[in-house]
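1. structure here, sequence nowhere to be found:
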DNA sequence: ATGGCCTCGGTTCGAGGA
């Protein structure tokens, strides 16, 4: 079983790329972030025609998340029941006995800003809810755009980014508190190429110079860690015309 | 030094992203 996550930065723009990617990479589950579509505009028919069921939660202009699956999707929950939030950033469902949580964690804009405080409160509430969710569902995977580079090795220039948004101590501590629920970063279960990233700025030839960050992650509960035989980042779609600035992350479960 | 790109909404610029 393969589960994946991809921030597509507008599903309206990127739907052809998502369908193209799924043709080449027929994963069992694909979590999407930043769909930027209200639910009435979600391309259900196109995704079903590709062989996927789908659950989604969107809004106008910003945010929006979805779970695509080749297997039945049950127990869909939108948002964090412990955190009232007008922004549509979480959707969860059970697929093949695995609780899949698809999250678009807030960006935070800059350290100390209102958006940064919202990010930290949001992460605290996420942790509290996931603790319950993990108890109810021992097989749990948290996939998405975390907007956190967990370690300096996940940043192309850790000196320039020291203490900055995506890298601040408080954000990394929040990430560690997610790990402390008993989850592991699937990507770091395996030996990886140095300078592996999942996002590159559209500006400054970011991708060509590999000036990127690893901010899209798959965290797995204990039993899923035992089943995990690979975790990779697929840079291919970042080379396509009109790409998302993020690329897919894929975990293989035996 | 600054901003440098992309998307959206809605008009040709500002907000937000990261």
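-> Alright, I've got the coordinates. Since this is a predicted model, take the numbers as computed values, not measurements.
2. which stretches of chain A have low pLDDT?
-> For chain A, no stretch is flagged by pLDDT under 70.
3. buried residues, the lengthiest helix in it. List them.
-> What stands out as the longest helix in chain A, according to DSSP state H, is helix A:114-136. Within helix A:114-136, the residues that count as buried by 16 or more other C-beta atoms under 10 Å are A:116, A:118-120, A:122-123, A:125-127, A:129-130, A:133-134. Using the backbone N, CA and C atoms, a C-beta is placed for each residue, glycine as well.
4. same check on stretch A:173-182?
-> A:174-175, A:177-178, A:181-182.
5. got those residues as TSV, with distance to residue A:161 and secondary structure columns?
-> As requested, these are exported to TSV (distance: C-beta to C-beta, whole Å; DSSP: H, G, I helix; E, B strand; the rest coil):
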residue	distance to residue A:161	secondary structure
A:174	17	helix
A:175	15	helix
A:177	21	helix
A:178	20	helix
A:181	26	coil
A:182	29	coil
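6. distance to residue A:96 added to these, as JSON lines?
-> Output for the buried residues of stretch A:173-182, formatted as JSON lines (distance: C-beta to C-beta, whole Å):
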{"residue": "A:174", "distance to residue A:96": "29"}
{"residue": "A:175", "distance to residue A:96": "27"}
{"residue": "A:177", "distance to residue A:96": "28"}
{"residue": "A:178", "distance to residue A:96": "23"}
{"residue": "A:181", "distance to residue A:96": "21"}
{"residue": "A:182", "distance to residue A:96": "20"}
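7. run through those and flag the ones next to DNA strand B.
-> Filtering the buried residues of stretch A:173-182 for proximity to DNA strand B by C-beta under 7 Å from any atom of the strand leaves nothing.
8. ok, back up a step: helices and strands around the longest helix of chain A, which ones?
-> strand A:98-104, strand A:140-145, helix A:169-179 (3 or more C-beta pairs under 8 Å, 6 or more residues apart in numbering; DSSP states H and E).
9. who in chain A is up against DNA strand B?
-> A:7, A:9-10, A:12-13, A:34, A:36, A:60-62, A:106-107, A:109-110, A:115, A:145, A:147, A:165-166, A:199, A:201-204, A:213, A:215, A:242, A:245-246.
10. hmm, back to that, nearest to residue A:209, of the buried residues of stretch A:173-182?
-> Checking these against residue A:209 by C-beta to C-beta gives residue A:175 as the nearest, at 25.9 Å.
11. show me the contacts for that closest one.
-> A:146, A:148, A:150 (C-beta atoms under 8 Å, 6 or more residues apart in numbering).
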